[in-house]
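# Structure for the following, please:
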Amino acid sequence: MSTAVHGHTHGHDDHAHHPTGLRRFLTTTNHKDIGTMYLWFAFAMFLTGGVMALIIRAELFQPGLQITHPDFFNQMISLHGLIMVFGAIMPAFVGFANWQIPMMIGAPDMAFPRLNNWSFWLLPPAASLLVVSLFVPGGAVAAGWTLYPPLTVQMGMGMDLAIFALHILGMSSILGSINIITTILNMRAPGMTLMKMPLFVWTWLITAYLLVAVMPVLAGAVTMVLTDRHFGTHFFNPAGGGDPVLFQHVFWFFGHPEVYIIAIPAFGVISQVIPAFSRKPLFGYTSMVYATASIAILSFLVWAHHMYTTGIPLEAQLYFMYATSLIAVPTGVKVFNWVATMWKGSLSFETPMLFAIGFLFLFTIGGFTGLVLAITPVDIQLHDTYYVVAHFHYVMVAGALFSAFAGIYFWLPKWIGRMYDEKLGKWHFWLSFITFNLAFFVQHFLGLAGMPRRIPDYALQFADFNMVSSIGAFGFGLSQLLFLYIIVKAIRSGEKAPARPWEGADTLEWTHLPTPAPYHSFETPPLVK
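Residues are numbered from 1 along each chain as shown. Below you'll find the predicted structure:
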C-alpha cells in the first residue's frame with residue numbers, strides 16, 4: 001500500500017496512481033469521493049421516485065381515471081416506495097457517514113476502503129433492476145412496497161427483478177454497516193472515548209448495528225416469496241399449509257427497525273446542526289446517546305402494530321399497543337434536548353438551522369400521529385387509509401429528508417470549499433416547508449374521512465382535499481429543482497468558504513462535549529485538547 005501511495009510522489013507515472021475522470025470514481029477508495037457518489041446517486045433516485053409520486057398525485061388530482069391504468073398506478077406506488085426508501089434516503093445518509101465519520105473521529109479513511117467502493121457500486125445495478133422491472137412483461141411490482149403475498153406470488157417477472165434488486169441493496173447495506181462499525185470501534189483518535197464522539201457518529205454506530213440485524217430478515221422474507229413463486233414451496237400459500245400473515249410478521253420485523261434506520265442518522269444530523277446555530281453545546285449528551293440506543297432496541301419489539309387488522313390475539317394487540325407507546329418516551333427526550341439546546345442560545349437562522357427547526361416541528365407532528373396509530377381500536381379504523389400515508393410522510397420526508405437538506409447545507413462549505421447562495425437556500429426551505437404541508441397535512445383529513453390508500457379512483461367527497469394535496473406535491477417537487485440549482489451554482493461559482501463558515505459554530509470541535517467550559521456566545525469556542 002505504502003509504495004502505491006508514496007513510491008511515485010516524484011515519479012513519471014503519476015496517472016497510473018491518480019486516475020482521473022470516470023476511472024477515478026470507478027476505482028476510488030477515498031471516503032470523500034465515495035460519500036459524494038452516494039449523495040449524487042441518492043439525489044438521482046430521489047428525482048426518479050419523485051416523478052413516480054407526481055404521476056400518482058396527477059392521477060388523484062380529480063376523481064375518475066385520468067392518465068393511468070389501475071395496474072400501472074399500483075406499480076408507481078410500489079416503485080415510489082422502494083426507490084425512496086432503498087435508493088434515496090438510505091444512500092443519502094450513508095453518504096453523510098462516509099464523508100463525516102472518518103473526519104469526526106480522526107481516522108484517515110474507512111476501515112475497509114475497497115469494500116467501501118464495492119458497497120457503493122452495488123447500488124446502481126440494483127436501482128436499474130427496479131426501474132427495468134417497469135418494462136418487462138407483466139410490469140413492475142403492483143403489490144405496494146411491502147410486497148405482501150399472495151399478490152407477490154402471482155405476479156409477473158417484474159417481481160423477480162425486484163427481489164433480486166432487494167438482495168443486492170441489502171448486501172450493500174450490510175457491507176457498508178460492517179465498515180462503519182469497524183471504523184468507529186477501531187479507528188478513533190487517541191483520547192476519543194465512545195462518550196466523546198460527536199452524536200452523528202453515535203447515531204450511525206447504532207444504525208449500522210440495526211442494519212446488520214434486520215437486512216438478512218428482509219432477505220429471508222423475499223427469498224421465501226421467490227421459492228413460493230418458482231420452486232413449489234408453500235410458505236405463504238394456505239392451500240399448501242402456509243400462511244400469508246407469516247410474511248407480514250417477518251417483513252415487519254425488518255420493516256419497523258427500517259423506519260428507525262432512516263430516522264436515527266437524521267437525529268444525528270440534527271444533533272450537529274442545532275448546537276452549531278445555537279452557539280451552545282448539545283443539552284444532555286449522555287441522555288441523547290441512551291435515548292437513541294433505547295429507540296433502536298424498542299424498534300425490534302413493536303413490529304405487529306402494523307398488523308392489528310390481521311386477527312392477532314387480543315393480548316398481542318395490547319402488548320404491541322403499550323410497547324409502541326413506550327417509544328414515545330426516548331423520542332420525547334430527544335425533542336426536549338434539542339429544544340433545550342436552543343433555549344437561551346445565541347441563535348441564527350441560516351438555511352441548515354431552518355431545516356433543522358422545520359424537522360423539529362414536522363417530525364413531532366409525525367410522532368404524534370404515530371402515537372394515534374399505536375392505539376389499537378383507533379388503528380383498526382384508520383388502517384390502510386390516507387391517515388397512515390400522511391403519518392409516515394411526516395416522519396420520512398419532514399423527518400429524514402429535511403434533516404438531509406440541513407446536513408447538506410451545513411457541511412457543503414467544508415466539502416466543496418465554497419458557499420451556497422444563502423438567499424436561495426432560504427427560498428428552498430420555505431417553498432419546501434409550505435408545499436410539503438399543503439401536500440400531506442390534508443391527507444390526515446382524507447384518512448379520518450375513510451379514504452383508502454393505493455387506489456387510483458375515489459368517491460366525490462374526497463375531491464377537494466386531493467386537489468390541494470396534488471398541488472402541494474407538484475410544488476414540493478418543483479422546489480427540489482431549485483435545490484439542484486443551488487448546489488450546482490455553489491460548486492461552479494460559489495464564493496470561497498472561510499475556514500470557519502459558521503463563525504463560532506464549528507461543530508466538529510466541540511458540540512459533543514458533555515460539559516464544556518463556559519464561554520460567551522460571541523467568542524470562538526475553546527478547542528478540544
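
# nearest residue to F300 other than its sequence neighbours?
P257 (5.9 Å; C-beta to C-beta, 6 or more residues apart in numbering). For every residue, glycine as well, the C-beta is placed using N, CA and C.

# for the host helix or strand of the one you found, packing partners?
In this structure, P257 sits in helix 244-278 according to DSSP states H and E. On a contact count with 3 or more C-beta pairs under 8 Å, 6 or more residues apart in numbering; DSSP states H and E, helix 244-278 meets helix 90-105, helix 199-230, helix 285-298, helix 314-342, helix 351-374, helix 386-395, helix 402-416, helix 507-510.

# Let me know the distance separating H305 from Q100.
33 Å (C-beta to C-beta, to the nearest Å).

# higher neighbour count, these two?
Q100 (26 against 22; other C-beta atoms under 10 Å).

# and the more buried one, what does it touch?
G35, F200, V201, W411 (C-beta atoms under 8 Å, 6 or more residues apart in numbering).

# at 7 Å what do you get?
F200, W411 (C-beta atoms under 7 Å, 6 or more residues apart in numbering).

# Over to the one 10 residues further on?
The neighbourhood of M110, defined by C-beta under 7 Å, 6+ apart, consists of H31, N98, P102, N116, N179, T183.

# Now it. Its backbone dihedrals?
phi -70, psi 160 (degrees, to the nearest 10).

# and it, how far is that from F433?
35 Å.

# what do you get for A328?
Distance from A328 to F433, counting by C-beta to C-beta: 24 Å.

# So the two - more neighbours on which side?
It is F433, of A328 and F433, that has more neighbours when counted by other C-beta under 10 Å, with 20 against 16.

# Isn't that one up against G358?
Yes. Using C-beta atoms under 7 Å, F433 is in contact with G358, at 5.1 Å.

# hey, what's in contact with both of these two?
Between them, F433 and G358 share no contacting residue, judged by C-beta under 7 Å, 6+ apart.

# re earlier: distance to I83 for the helices and strands packed on helix 244-278 - can I get that in JSON lines?
Output for the helices and strands packed on helix 244-278, formatted as JSON lines (distance: least, C-beta to C-beta, whole Å):
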{"stretch": "helix 90-105", "distance to I83": "11"}
{"stretch": "helix 199-230", "distance to I83": "16"}
{"stretch": "helix 285-298", "distance to I83": "25"}
{"stretch": "helix 314-342", "distance to I83": "27"}
{"stretch": "helix 351-374", "distance to I83": "21"}
{"stretch": "helix 386-395", "distance to I83": "15"}
{"stretch": "helix 402-416", "distance to I83": "15"}
{"stretch": "helix 507-510", "distance to I83": "31"}
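
# Which of those sits closest to F43?
Comparison of the helices and strands packed on helix 244-278 against F43 by C-beta to C-beta identifies helix 90-105 as nearest, at 7.6 Å.

# so for the closest one, what's the average pLDDT?
In this model, helix 90-105 has a mean pLDDT of 97.

# cool, stretch 463-481 as well?
On average, stretch 463-481 scores 98.
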